[in-house]
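[1] What follows is a predicted structure for the sequence shown.
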Amino acid sequence: MIINLQTPIEELPKVGEKISKKLNKLGIYNIKDLLFYYPSRYEDFSKVSEIADLKQGEHATIKGQVSLIANKRAFRRRMYITECLISDDSASIKAVWFNQPFITKIIKSGEEYYFSGKVELNKYGMQLSGPNYERVNKNQTHTARIIPIYHLTENLTAKQIRFLIKSVLSLSAKIHDWVPADIIKNYKLLKLPQAIREIHFPTNMKTLGQAVKRLKFDEHFTVQLKTESLRRQISALNSPPIKFDEKKTKEFVAQLPFTLTASQKKSAWEILQDLAKRKPMNRILQGDVGSGKTVVAALAVLNAKANGWQSAIMTPTEILSLQHYKTLTENFKKFGLNIALYTRSQKKLNGQESSQKAIIDAVAGGEIDLVVGTHSLIQKKVSFAKLGLVIIDEQHRFGVDQRKMLKLKSKTGITPHLLSMTATPIPRTLALTFYGDLDISLITELPKNRKPIITRIVPPDKRNDAYEFIANETKKGRQIFVICPLINESDKLGVKSVTEEYKKLSQHVFPQMPIGMLHGKLKKNEKEKVMDDFAGNKTSLLVSTSVVEVGIDVPNATIMMIEGAERFGLAQLHQFRGRVGRSHHQSFCLVFTDSDRPKTKERLEALTTAKNGFELAELDLKFRGAGELYGIRQSGFPDFKIAKLTDVEIIKTAREIAQQIFSIDPELKDFPLLLQKIKQLDKSIHLE
């Protein structure tokens, strides 16, 4: 049978229906998928040792002749034990396998084999425990070389994967290299077919490193090409030029109850300069929790209004929408803006309850200057008369399609400017890759008179001391957040953990203290009452799920207590911590964990030593990876098979090359394979 790269995997010899279904679970449907299924790690068995030189505990490879192999039954342990005696010119050693009696039918006495495995010592001497084995031949697959180890699925072995890949490896020559030859030459990259061969069965560690570099480059280069393409597409669109209204802007800043920080001023000016252009602004505003991003966004909204354009702010939660609505209504009190709140359960206009129809009609008629809401804003029935500015808060929580739909809401057909905001600091490498099509503004300082939050890891034996400290703070009139994690996957809303913690604290630890409870199953009016009671200091302590991560501003709260901290990432813990420290009072973050794992301890200690959220984000990327941190899949980011967001130098190189190519050939007429590669990405990384 003639096979090619597109041959279905089930048609490969020795792959039946059962094995093909297992391979399908790994995303392998044809020969090409199999070749692009990279190893997860390697075992270096390339050095062949003499038996006499073996040492206890090492992983080693020997080459020897089998003089005896047999099965015996261990009745007490209810298993078969296969023993094999192997000899070379230096000595002999026994190899042992458990519950694999079929091995006696494969390994034959008198023949020569390689054996690779761990050397162990028992009362009878040294032995190889469960080694890989392979008859000596010209080209080894499972022993006596650098051995690829693959992620597996149930009842599929590493040997099976290696055997299948080895059987089709020659077809790698048919893989067309899509990267231009001069780039391969100038940057000393392996050709793609060679990289595929070396990633599976490397000649040595040097060629393995070269293969990894090439395949990582391919993935990063694809992203950078798409990013640069998007950047140029956005530049070609038309947006309303929103001119800087100096008089109104100065009036707004003058009436604020605080002085803008230097980085707030710089970020605001970068945004206002972008708004004045006829091409769409595509900017992300980063700043730590409590750094004052909302007031910077408000300056953009004010200038949009002054130029006759509407603005929309979309947030991931109703709590955050309500917080922005209240803050901006207060900020714009003297400036005549009509402001609406539009979420699933709340409809307000200029501080008053309103109906869904009234708000939809007013937005469509151009009577509302600013709408704040959740994903409800992208319902079909909502349309804007003159939408000039879209602001998306915590934008990594929205998928590409959701963000794109909001940008298409304007009746004018003109592309509104886009400002994304995030309090989740983005590591430098992630910003280069994930947000490569956006310009970045940074707020690096906290407002003046804010004291640094003191963070402490609380071990189990110090829990009562922490409770006593909390009690003393409440006597001073201060308030406390208590955050609980999900206990298990079935407890999606965290109700179980919150109700248990609430019961413990209210009945046993602080029976005299007024305590509130907040979780996702509460009804709208119940949530509002809980939050109003806490904001009004009617309750001293609020037990909550991670719903308080963003959008709650209670300056009197000075302690953030986090239970089960090992279940959260550093970036999320930092978000929780940012709920306190919002006044001149000294604030504290008490981190509780029952885990004694060294990695957990190292990760949590970083929370106490890192100077800011950006430093923490770099550490979180190292500990947990980007996908888990930033919801990359829902944001349209392609899955990486081998590349990492810590590949700083490769990312830089890929970015530079992509920019050079587009600068000389914006439509990629001379690079059809690159254009095809861009089109293969099902979703855009960002808004188009």
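    Great, that's in hand. Numbers count the residues shown, from 1 in each chain.
[2] contacting residues for Ala268?
    260, 296, 299-300 (CB atoms under 8 Å, 6 or more residues apart in numbering). Yep, even glycine has a C-beta here, placed from its N, CA and C like the rest.
[3] What is the nearest of the residues you listed to Lys226?
    The shortest approach to Lys226 among the contacts of Ala268 belongs to Ala300, at 27.4 Å (CB to CB).
[4] helices or strands next to the host helix or strand of that closest one in the packing?
    According to DSSP states H and E, Ala300 maps onto helix 293-306. Packing contacts for helix 293-306, counted by 3 or more CB pairs under 8 Å, 6 or more residues apart in numbering; DSSP states H and E, involve helix 246-254, helix 262-275, strand 282-287, strand 310-314, helix 318-331, strand 387-393, strand 417-422.
[5] Kindly check the end-to-end length of stretch 250-261 for me.
    15 Å (CA to CA, to the nearest Å).
[6] what distance separates that stretch from the centre of its chain?
    36 Å (CA atoms, centre = their mean, to the nearest Å).
[7] Could you do stretch 45-52 as well?
    42 Å.
[8] Between the two ends of it, how far is it?
    17 Å.
[9] could I get the helices and strands packed on helix 293-306 as a markdown table with distance to Lys159?
    Output for the helices and strands packed on helix 293-306, formatted as a markdown table (distance: least, CB to CB, whole Å):
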| stretch | distance to Lys159 |
| --- | --- |
| helix 246-254 | 69 |
| helix 262-275 | 57 |
| strand 282-287 | 48 |
| strand 310-314 | 52 |
| helix 318-331 | 52 |
| strand 387-393 | 49 |
| strand 417-422 | 46 |
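[10] Go through the ones you listed and name the closest to Ile515.
    helix 318-331 (19.1 Å).
[11] re the thing from before, ok, and the most crowded of the contacts of Ala268?
    Val296 (27 neighbours; other CB atoms under 10 Å).
[12] And the contacts of Ala268, which is closest to Lys503?
    Using CB to CB, those come closest to Lys503 at Val296, 42.2 Å.
[13] any idea of the pLDDT on the closest one?
    Looking at Val296, its pLDDT reads 96.
[14] Spatially nearest residue to it (excluding sequence neighbours)?
    Ala268 (4.8 Å; CB to CB, 6 or more residues apart in numbering).
[15] The one you found and Leu275: what is the separation?
    10 Å (CB to CB, to the nearest Å).
[16] Tell me which helix or strand comes right after the lengthiest strand in the chain.
    Ranked by residue count under DSSP state E, the longest strand found in the chain is strand 59-74. Following strand 59-74 in sequence order, the next helix or strand is strand 79-87 (DSSP H and E).
[17] Sheet partners, orientation included, of that next one?
    Using DSSP bridges, strand 79-87 pairs in its sheet with strand 59-74 (antiparallel), strand 92-98 (antiparallel).
[18] To Ala364, which of these lies closest?
    So among these, strand 59-74 is nearest, using CB to CB, at 69.9 Å.
[19] tell me the mean pLDDT for that closest one?
    Per-residue scores along strand 59-74 average to 92.
[20] buried stuff in that strand?
    Judged by neighbour count (16 or more other CB atoms under 10 Å), strand 59-74 contains these buried residues: 60-66, 69.
[21] What segments of the stretch 151-300 of the chain are helices?
    158-168, 181-186, 192-200, 205-236, 246-254, 262-275, 293-306 (DSSP state H, counting those that start in this stretch).
[22] So in this structure, where's the weakest helix or strand by average pLDDT?
    helix 626-630 (a mean of 50; mean pLDDT, DSSP states H and E).
[23] helix or strand right after it?
    Following helix 626-630 in sequence, per DSSP H and E, is helix 648-664.
[24] picking that back up, looking at the contacts of Ala268, which one is closest to Lys159?
    Val296 (58.6 Å).
[25] Could you measure from that closest one over to Asn331?
    Using CB to CB, which is the criterion applied here, Val296 is 11 Å from Asn331.
[26] among the strands paired with strand 79-87, which is nearest Ala358?
    Checked against CB to CB, the stretch from the strands paired with strand 79-87 lying closest is strand 59-74, at 72.7 Å.
[27] Please convert the contacts of Ala268 to a markdown table, extending it with distance to Glu445.
    Listed next are these as a markdown table, based on distance: CB to CB, whole Å:
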| residue | distance to Glu445 |
| --- | --- |
| Leu260 | 10 |
| Val296 | 13 |
| Leu299 | 17 |
| Ala300 | 20 |
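[28] List just the nearest of the residues you listed to Gln56.
    Of the contacts of Ala268, the one sitting nearest to Gln56 (CB to CB) turns out to be Val296, at 63.7 Å.
[29] which ones are touching the closest one?
    Val296 neighbours (CB under 8 Å, 6+ apart): 264, 267-268, 271, 285, 443.
[30] okay, these in TSV with pLDDT and distance to Lys94 next?
    Putting the contacts of Val296 into TSV (pLDDT from 0 to 100; distance: CB to CB, whole Å) gives the following:
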residue	pLDDT	distance to Lys94
Gln264	95	73
Ser267	96	70
Ala268	97	75
Ile271	97	73
Leu285	91	67
Ile443	88	67
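[31] Much appreciated, bye for now.
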